[in-house]
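*Asks:* Just need the structure, nothing else, for what follows:
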Amino acid sequence: LGCLDPVLTIAAALSTRSPFVSPLDKREAADESKRSFADSGSDLIAVLRAYEGWRNARLSGGRAAERAFAQDNFLSGRSLEGLAEMRGQFRQLLQ
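*Replies:* Coordinates of the predicted model:
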């Protein structure tokens with residue numbers, strides 16, 4: 001079914017800090033960026049899509065692309081790293 005990866009991400013999102021940041025001087029742009037990830041209005045789907053985009057940027061362009069993706073989309077790289085770590089822990093528990 002291919003549902004394990006999204007389930008791991010959503011479970012990790014429930015256990016970690018939100019990766020979305022909202023600087024005071026750019027709050028409107030940050031809110032728009034978050035909405036662009038959540039077509040359905042769900043915060044968890046927004047986190048899932050943001051994480052997948054960040055991970056794809058990392059896989060295709062390395063650390064520089066990862067940082068650029070996070071900065072351009074008002075995401076915390078540190079929170080996304082924590083999410084990735086938590087996903088790994090959950091995956092290990094399932095094996």
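*Asks:* Run through the strands of this protein in chain order.
*Replies:* Using DSSP state E, no strands are assigned anywhere in the chain.
*Asks:* What is the burial count for residue 67?
*Replies:* Residue 67 has 16 neighbours, counted by other C-beta atoms under 10 Å. Where C-beta positions appear, they are placed from N, C-alpha and C, glycine not excepted.
*Asks:* Over to residue 20?
*Replies:* Neighbours around residue 20, by other C-beta under 10 Å: 19.
*Asks:* for the residue lying closest to it once chain neighbours are set aside, what are its contacts?
*Replies:* With C-beta to C-beta, 6 or more residues apart in numbering as the criterion, residue 20 has its nearest non-adjacent residue at 5.1 Å, and that residue is residue 34. The contact partners of residue 34, by C-beta atoms under 8 Å, 6 or more residues apart in numbering, come to 20, 46, 50, 74.
*Asks:* which residue packs closest to the spatially most central residue of the chain, ignoring adjacent ones?
*Replies:* The C-alpha lying nearest the average C-alpha coordinate of the chain belongs to residue 51 (C-alpha atoms, centre = their mean; 2.6 Å). Closest residue to residue 51 apart from its sequence neighbours, by C-beta to C-beta, 6+ apart: residue 9 at 5.3 Å.
*Asks:* ok, that neighbour - contacts?
*Replies:* Taking C-beta under 8 Å, 6+ apart, we find residue 9 in contact with 47, 48, 51, 52, 83, 87.
*Asks:* mind checking how far residue 33 is from residue 49?
*Replies:* 11 Å (C-beta to C-beta, to the nearest Å).
*Asks:* Check the burial of residue 33 by counting its neighbours.
*Replies:* 19.
*Asks:* Same check on residue 39?
*Replies:* For residue 39, using other C-beta under 10 Å, the count is 10.
*Asks:* The closest residue to it other than its chain neighbours - how many residues pack around it?
*Replies:* Leaving aside its sequence neighbours, residue 39 sits nearest to residue 45 (C-beta to C-beta, 6+ apart; 7.4 Å). Neighbour count of residue 45, defined by other C-beta under 10 Å: 16.
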